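>>> Could you look at this predicted model? Sequence included:
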Amino acid sequence: QVQLVESGGGLVQTGGSLRLLCAASGRTFSDYPMGWFRQAPGKEREFVAAINFRGSSTMYADSVTGRFTISRDNAKNTAYLQMNSLKPEDTATYFCATSRDKFQPVLHSVGMFAYWGQGTQVTVSS
């Protein structure tokens, strides 16, 4: 079955950087789009960034545009989220996700994704 495992989270100071990884297994990684979401305590899960199955198209939430970069390495079955200029409001659990159907374009809402990882915690101190 499809498995997604996030890593790379941690504690960082304001202005710092982190690189999150999402290792996928269970099917042909390069056929499916990927997305990153985050959820802070007491808040709903929100969209952060997404990439299509080829890696040729991306989308970002307004709050992270210019600071975060999503990418994928289909040879390594891994998606990445490079996070720069981190702010305290970026503090959350970050989840990667993928769709049920193949060859989808960039997807950007929670309901479009069928498979989720367990999450990795990112804490940005002020």
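Structure received.

>>> where in the chain is pLDDT low?
Nowhere does the chain drop to pLDDT under 70.

>>> for it, which residue is closest to the average position?
The residue lying closest to the centre of the chain (C-alpha atoms, centre = their mean) is residue 36, at 2.2 Å.

>>> Which strand or helix spans it?
Following DSSP states H and E, one finds residue 36 within strand 34-39.

>>> Could you measure from the closest residue to residue 11 other than its chain neighbours over to residue 16?
Spatial nearest neighbour of residue 11, excluding adjacent residues (C-beta to C-beta, 6 or more residues apart in numbering): residue 123 at 4.7 Å. From N, CA and C alone the C-beta is placed, and that goes for glycine too. Relative to residue 16, residue 123 is positioned 11 Å away (C-beta to C-beta, to the nearest Å).

>>> do the same with residue 43
Distance, residue 43 to residue 16, by C-beta to C-beta: 22 Å.

>>> more crowded one of the two?
Neighbour count, other C-beta atoms under 10 Å: between residue 43 and residue 16, residue 16 has more, with 15 against 9.

>>> any idea which helix or strand carries the more buried one?
Using DSSP H and E, residue 16 falls within no helix or strand.

>>> Show me where the chain has its strands.
Ranges of strands in the chain, per DSSP state E, are 3-7, 10-13, 18-25, 34-39, 46-51, 58-60, 68-73, 78-83, 92-98, 115-116, 120-125.

>>> Need the ones you listed in TSV (columns: distance to residue 108).
Compiled in TSV, those are given as follows (distance: least, C-beta to C-beta, whole Å):
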stretch	distance to residue 108
strand 3-7	17
strand 10-13	26
strand 18-25	16
strand 34-39	7
strand 46-51	5
strand 58-60	5
strand 68-73	11
strand 78-83	15
strand 92-98	11
strand 115-116	15
strand 120-125	20
